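Trainee: predicted model and sequence follow; I will ask about them next.
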Amino acid sequence: MDAFTKWTAKAAPIDAANVDTDQIIPAPFLSRIRTEGYEGLLFYRVRRKADGEMDPDFILNRDDFKDAGILVADRNFGCGSSRENAAWTLVDNGIRSVIAPSFGDIHYNNEMNNGMVPVMLDAGICADLRRQLHANPGAEITVDLERNVVVAPDGKEHAFTIPAFNRERLLKGLDDVSFTLEQESDIAAYEAKRRDEADWLFE
């Protein structure tokens, strides 16, 4: 996966709380394999009216926000089912970071496992960021993982933390496989040691 050091992008406000993974990517699309991609499927139902036509009032359908690379949400973003497809959908539609007061636990980890930085900030700060974005459509936010700060449209910096292990992997662009391969020499040394200590295990 691509390394994440600093990401500056147009940001979009998502005002609803409890945005669940079925809203991010509806269940009928879950049979798609990863290599088929999920471009164009983000909030597939939410961004449409009952007749199937695009809702011009939905925030990501508006010209000022449709190519956003950061979402600023309300509490409990990504709750509901554990589908990793939700993180795939965000990534495939250009979203590298979501800022919210809280996340669904599994979705929080799914984002990091797919090269995203989920940022938890105080609810009041998130509300103010969304206010700034509504007042200045097209405004950018910077998520700086090297310094662990979010730079708001008004220039204020807000510190955040993510687990140290995940931060290291994101900075280096290591997924589960590439992280394991980085330990290949240690694994080989351990296997050789075990072979010497208990060769009967390898018969």
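Mentor: Ah, there it is.

Trainee: this protein: strands as residue ranges?
Mentor: For the chain, strands defined by DSSP state E occupy the ranges 6-13, 70-72, 97-100, 117-120, 140-144, 149-151, 157-159.

Trainee: quick one: terminal-to-terminal distance for stretch 152-172?
Mentor: Chord length of stretch 152-172, first to last residue, is 25 Å (C-alpha to C-alpha, to the nearest Å).

Trainee: and if you look at stretch 194-203?
Mentor: 12 Å.

Trainee: swap in stretch 119-128?
Mentor: Note: stretch 119-128 ends 15 Å apart using C-alpha to C-alpha.

Trainee: in that stretch, what counts as buried?
Mentor: Neighbour counts over stretch 119-128 (16 or more other C-beta atoms under 10 Å) mark 119, 120, 121, 125, 126, 127, 128 as buried. Just so you know, the C-beta spots here come from the backbone N, C-alpha and C atoms, and that holds for glycine as well.

Trainee: ditto for stretch 134-154
Mentor: Within stretch 134-154, judged by 16+ other C-beta under 10 Å, the buried ones are 139-145, 148-153.

Trainee: between which two of the residues you listed is the distance greatest?
Mentor: 139 and 148 (21.4 Å; C-beta to C-beta).

Trainee: pLDDT score for residue 182?
Mentor: pLDDT, residue 182: 67.

Trainee: no, scratch that, I was asking about residue 178
Mentor: 72.

Trainee: any idea how far it is from residue 184?
Mentor: According to C-beta to C-beta, to the nearest Å, residue 178 and residue 184 sit 11 Å apart.

Trainee: ok, these two, which is more surrounded?
Mentor: Legend: neighbour count by other C-beta atoms under 10 Å for residue 178 and residue 184, higher for residue 178 (12 against 9).

Trainee: was I right about residue 106 contacting residue 82?
Mentor: Yes: the pair residue 106 / residue 82 is scored as a contact, 4.2 Å apart, by C-beta atoms under 8 Å.
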